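Novice: Quick one: sequence and predicted model below, then my questions.
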Amino acid sequence: MTLKEIYISNRFFYLGLTILIILVYGLSLGNGFVSDDIAEIVNKTELGSSQYIFDHISGFVRPLLYSLTLYTFGKENAFGFHLINLSFHLFSTLSLFTLIRLLYNQKIALISTLLTAIHPLLSETVVWVSGGSYTQYSFFFLTSFLLYLISQKYLPISLKNSYILSLIAYFFALTSHAVMSFVFVPILIIYELLFGSLQSNFKKLLPFVLLSGIFLLIILTSIPERQTTLQSAHYQEGGVDNPFVQLPVALSSYFQLLIFPKDLTIYHSELAFSTPEFIVRLLLVMAFLGMVIYTFFKSRIICFWLIWFLITLAPTLTPFRLNWIVAERYAYLPSIGLFVALGYLLSRIKVQGSAREILLIGFIIVITLLSVRTVARVINWKDPDTLWLSAESISPSSPNNHNNLGDLYGRRGDYERAIKEFQTAIVLKPNYADAYHNLGNTYAQIGKNQEAMDNFMKAIEFNPNLWQSYQNIASIYFTQKDYQKAAEYMEKVVQLIPNNPDVLNNLALVYLNLDRKTEAKEIFTGILRVDPNNQKAQAGIQEASK
């Protein structure tokens, strides 16, 4: 059977999957930007420039797509960015259907791809713009695997240059998300060990190993930056987790979310379990590992896809605190392994008559319920407010979400509730500089300048690079007419962000009040060289010239 014959004979399934995904995820195209999207897209001034793409040359695909979307739809319109995610999810699902149909049969392909298309656990990567790199790398990963298998003798199909195309697809997987794509080589090795011939195909693996090695060197150089970001931006403590605790907690949490996807949230913070609960989770994970060993002797197809789940999830399971312990986006590609294993298992069940109809109706009900849950999740991600509120009851121990809720209530004018949320975030994470800063903002809004000052000072104690706190301290001193102190703090702001015109204008304004007109005029002149139409600088020049 050729690829063309596969596509023609299954064209209605391809069409049906496309329609289903559009029905389930269509509302996401009207969603806005949330969470990391604000900093990485809305407030990213260099987005769309060639320099932005070259700065991410080892992972240029997404910056390039962002730039194209920016020029097509504009920065403030999230539609195009969501369309990228939805498209990659669709492509991943159709690529998976083709892969499984080539390897096995139509029934297994349909079961596994239906679950992939609509399972709520996978929704975060589809509806969150910043999480879309997981759908993106998964598409190239699956396509590379498909093309590699086509290039081998044990698939009754031929496609010219499929091996070269597989290498190209793997390159794009690495440029989409290198850390998660490194496991492609182990997947190929395991597949060859179980179904092919590692000895005869060893040379074919070498180019994949070489590509992985090149990107590994790039990634290793970025680890210190990643650690700095986690500690400075997310205030995550360094150190090493106990893998004998971390692995059972993480794996059992994914199993729970796959079977009963009720407690979906952007922050999986409720991971502290009592001893009996932990023992149950440990036994569940041990049972899964026992199943891997058992199926190695009884059903290598199921064994392979169970191993797929473990191997593709492995990059997120390191104890070095470079990742969250549990995050829904991590499970996108790994979950496919369990879906295929389930599809293969269900296809082996021999039922006739009414039992077959009951099984089919049961599966349709499951797909319907999962689809409804996914639609609800799409609505949760509509905007920041709905997202933080949806996480409120599920992630009560998350300092991040309490900080977000404080911002929400502050914008609504409920300052008392906002203060309470920021204080809760600080209790949960005492070094949380952002929460101190936001608490300071709230106190400043209600006229409690001393409390505001105290919290801004706490914020810069824990994060000396938090320039907004320095600026707000300067603002308080300015309103108190202590221009010397205001100048000291504004100068610190300029040291941190030297080319921001608004910051420079503020510093120059302080200098004017200190009668340092020459320095103020130099600053205003420098701003006008870059931005001749800057009205604040123009007005400042006139004032400094009096």
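Specialist: Everything's here; your move.
Novice: now the worst-scoring helix or strand of the chain on mean pLDDT: how far from the chain's centre is it?
Specialist: In the chain, the helix or strand scored least confidently by mean pLDDT, DSSP states H and E is helix 50-55, which has a mean of 75. Once both centres are worked out by Cα atoms, centre = their mean, to the nearest Å, helix 50-55 turns out to sit 21 Å from its chain's centre.
Novice: for residue 338, what are its contacts?
Specialist: 258, 305, 306, 309 (Cβ atoms under 8 Å, 6 or more residues apart in numbering). Heads up, the C-betas are built off the backbone N, CA and C, glycines and all.
Novice: Nearest to residue 266 among those residues?
Specialist: For the contacts of residue 338, the closest approach to residue 266 (Cβ to Cβ) belongs to residue 258, at 17.7 Å.
Novice: What is the burial count for the closest residue to that closest one other than its chain neighbours?
Specialist: Spatial nearest neighbour of residue 258, chain neighbours left out: residue 121 (5.8 Å); criterion: Cβ to Cβ, 6 or more residues apart in numbering. Neighbourhood size, residue 121 [other Cβ atoms under 10 Å]: 23.
Novice: how near is residue 121 to residue 339?
Specialist: 11 Å (Cβ to Cβ, to the nearest Å).
Novice: do residue 396 as well
Specialist: For residue 396, the distance to residue 339 equals 31 Å [Cβ to Cβ].
Novice: which residues make contact with stretch 87-101 from outside it?
Specialist: For stretch 87-101, using Cβ under 8 Å, 6+ apart, the contacting residues are 3, 6-7, 10, 13-14, 17-18, 21, 25, 108-110, 112-113, 116-117, 122, 125-126, 132, 135-136, 138-139, 142-143, 145-146, 149, 336, 340, 343.
Novice: and those, which are buried?
Specialist: 6, 10, 13-14, 17, 21, 25, 108-110, 112-113, 116-117, 122, 125-126, 132, 135-136, 138-139, 142-143, 145-146, 149, 336, 340, 343 (16 or more other Cβ atoms under 10 Å).
Novice: mind giving me the domain split of the protein?
Specialist: The record assigns the chain these domain ranges, following automatic domain parsing: 3-384, 387-544.
Novice: so who does residue 105 touch?
Specialist: So residue 105 contacts residue 347 (Cβ under 8 Å, 6+ apart).
Novice: Look up phi and psi at it.
Specialist: When read as degrees, to the nearest 10, the backbone of residue 105 gives phi -140, psi 180.
Novice: do you know how far it is from residue 344?
Specialist: Applying Cβ to Cβ, the value for residue 105 to residue 344 is 9 Å.
Novice: cool, residue 373 as well?
Specialist: 24 Å.
Novice: And residue 179, by the same measure?
Specialist: 29 Å.
Novice: Between the two, tell me which one has more neighbours.
Specialist: residue 344 (22 against 19).
Novice: Quick check, pLDDT for the more buried one.
Specialist: Reported pLDDT at residue 344 in the predicted model: 96.
Novice: residue contacts, it?
Specialist: Counting by Cβ under 8 Å, 6+ apart, residue 344 makes contact with 104, 108, 299, 301, 302, 305.
Novice: Just the pLDDT for residue 455.
Specialist: Residue 455 is given a pLDDT of 97.
Novice: what about it, helix or strand, and which?
Specialist: Residue 455 is part of helix 449-462, with elements assigned from DSSP states H and E.
Novice: Does anything pack onto that helix? Which helices or strands?
Specialist: Here helix 449-462 touches helix 433-445, helix 467-479, going by 3 or more Cβ pairs under 8 Å, 6 or more residues apart in numbering; DSSP states H and E.
Novice: State the mean pLDDT of the last one.
Specialist: Taken as a whole, helix 467-479 has a mean pLDDT of 96.
Novice: hmm, who's touching that helix?
Specialist: With Cβ under 8 Å, 6+ apart as the contact definition, helix 467-479 has outside contacts at 433, 436-437, 440-441, 444, 449, 452-453, 456-457, 459-460, 463, 483, 485-490, 492-493, 496-497, 503, 506, 510, 513.
Novice: Am I right that residue 278 is in contact with residue 249?
Specialist: Yes. Using Cβ atoms under 8 Å, residue 278 is in contact with residue 249, at 7.5 Å.
Novice: could the contacts of residue 344 be laid out in JSON lines, adding secondary structure?
Specialist: As requested, the contacts of residue 344 are exported to JSON lines (DSSP: H, G, I helix; E, B strand; the rest coil):
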{"residue": "104", "secondary structure": "coil"}
{"residue": "108", "secondary structure": "helix"}
{"residue": "299", "secondary structure": "coil"}
{"residue": "301", "secondary structure": "helix"}
{"residue": "302", "secondary structure": "helix"}
{"residue": "305", "secondary structure": "helix"}
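Novice: got a markdown table for those, with distance to residue 473 too?
Specialist: Below are the contacts of residue 344 laid out as a markdown table (distance: Cβ to Cβ, whole Å):
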| residue | distance to residue 473 |
| --- | --- |
| 104 | 65 |
| 108 | 63 |
| 299 | 65 |
| 301 | 64 |
| 302 | 61 |
| 305 | 57 |
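Novice: re the thing from before, ok, of the domains of the chain, where does mean pLDDT dip lowest?
Specialist: For those, the weakest mean pLDDT is recorded on domain 3-384, namely a mean of 90.
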